[in-house]
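[1] quick check, what structure comes out for this input:
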Amino acid sequence: MGLFHCPFGVPYYDCEGCIDCGMCLATTKEQMIEASKIVREHLRSKQKENGVTKKIAVCGKGGAGKSTIVVLLANVLLEEGFSIAVMDTDESNPGLSRLCGFDREPEPLMGLLRQVPEGQSGPDAAWLRKDRIAFEDVPPEYVVEEDKFKFLMVGKIEDPFQGCACTMADITRDLVERLDTKENEIVVIDTEAGVESFGRGVERSVDTVLVIVEPSFQSIALAERIYYMAGGMGISRVRTMLNKVGSEQSEQKMIDALKKKNIAVLGTIGFDDEINEAGFEGRAVGGESKAKNDIRQMMKVLLEES
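    Below you'll find the predicted structure:
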């Protein structure tokens, strides 16, 4: 028996069948990486067949500014003419819908698993079991939207003894993988802090991982861990965005530290009092700001890489 879980949950779930990747037999990191390559090629072939475009996972240390950057990133892409769907997959932090500018939250997707015993989704979740899911397939109660901006949330841990977040991760992983975006649609995923989502395979079908890095040893060390785990999934495009950088000296130290780890830096976001104040008050992060302009420049670079 190997040391790693089946990326498709074949022994436990009625999902797609075994693809003989060898993950369940792997006993070393090298064998895990080779198995991951097979998994990734399988996922890429499915994406190409179904015309999937871009799915971006935004990751990083807790408190690094991940959620705020997700909103700014979404606003910049909207201005570039894309249709954007922000997925809130963090089961802890509240308030992302307000930062996005919505005055209400959609029903959490987690509610679909409460309809019948043992976490098996009921008839109302039939759309979630489709091989390919278009945004039009998602029932309206699970989406809030305005113009070309959609917002979905998996759910939050709200009560004691509610249990672990594994079932939330299952929903997220399956939805992200099966979501069939159109040519001009981009999905931006606000993940939970740390690397647990990688351990659950949530990011396995994204094409881009953005790591938000603040000036701290812990944040840079976590970026290295995310870079390694994304590589193990076969994700080649991993970029860092430096945030809360107070000086050019700090910026250069961070760039040098990440460069030694072979991690690419997409750009830097300086301190922005207006953004910090909006986050503190829980109001929409809109309008022009230095932080938004910094992200606009980074997105131009990222989109040119496509």
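
[2] C-alpha only now, for contacts and for neighbours.
    Noted.

[3] all strands of the stretch 101-250 of the chain, in order?
    With DSSP state E, counting those that start in this stretch, the ranges of strands along the stretch 101-250 of the chain come out as 144-146, 149-153, 185-190, 208-213, 238-245.

[4] adding mean pLDDT, mean neighbour count and distance to Glu177, write those out as TSV.
    Below are these laid out as TSV (pLDDT from 0 to 100; neighbours: other CA atoms under 10 Å; distance: least, CA to CA, whole Å):
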stretch	mean pLDDT	mean neighbour count	distance to Glu177
strand 144-146	93	14	21
strand 149-153	94	22	15
strand 185-190	94	23	11
strand 208-213	95	26	13
strand 238-245	93	22	18
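
[5] tabulate the ones you listed (CSV), appending distance to Ile56.
    Formatted as CSV, the strands of the stretch 101-250 of the chain follow (distance: least, CA to CA, whole Å):
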stretch, distance to Ile56
strand 144-146, 19
strand 149-153, 14
strand 185-190, 5
strand 208-213, 5
strand 238-245, 10
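
[6] where's Lys29 relative to Val176, distance?
    26 Å (CA to CA, to the nearest Å).

[7] okay but Asp88 is in contact with Val143, surely?
    No: contact status for Asp88 versus Val143: not in contact, 11.3 Å apart, counting by CA atoms under 8 Å.

[8] between those two, who's got more neighbours?
    Asp88 (26 against 19; other CA atoms under 10 Å).

[9] for the more buried one, give me phi and psi.
    phi -90, psi 100 (degrees, to the nearest 10).

[10] ok, and the closest non-adjacent residue to it?
    Excluding the flanking residues, the one nearest Asp88 by CA to CA, 6 or more residues apart in numbering is Met153, at 4.5 Å.

[11] ok, that neighbour - contacts?
    Met153 is in contact with Met87, Asp88, Thr89, Pro106, Glu107, Pro108, Leu109, Tyr142, counting by CA atoms under 8 Å, 6 or more residues apart in numbering.

[12] now, of these, which are buried?
    Buried members of the contacts of Met153, counted by 16 or more other CA atoms under 10 Å: Met87, Asp88, Thr89, Pro106, Glu107, Pro108, Leu109, Tyr142.

[13] quick one, helices of the stretch 1-150 of the chain?
    Applying DSSP state H, counting those that start in this stretch to the stretch 1-150 of the chain gives helices spanning 29-49, 66-79, 96-100.
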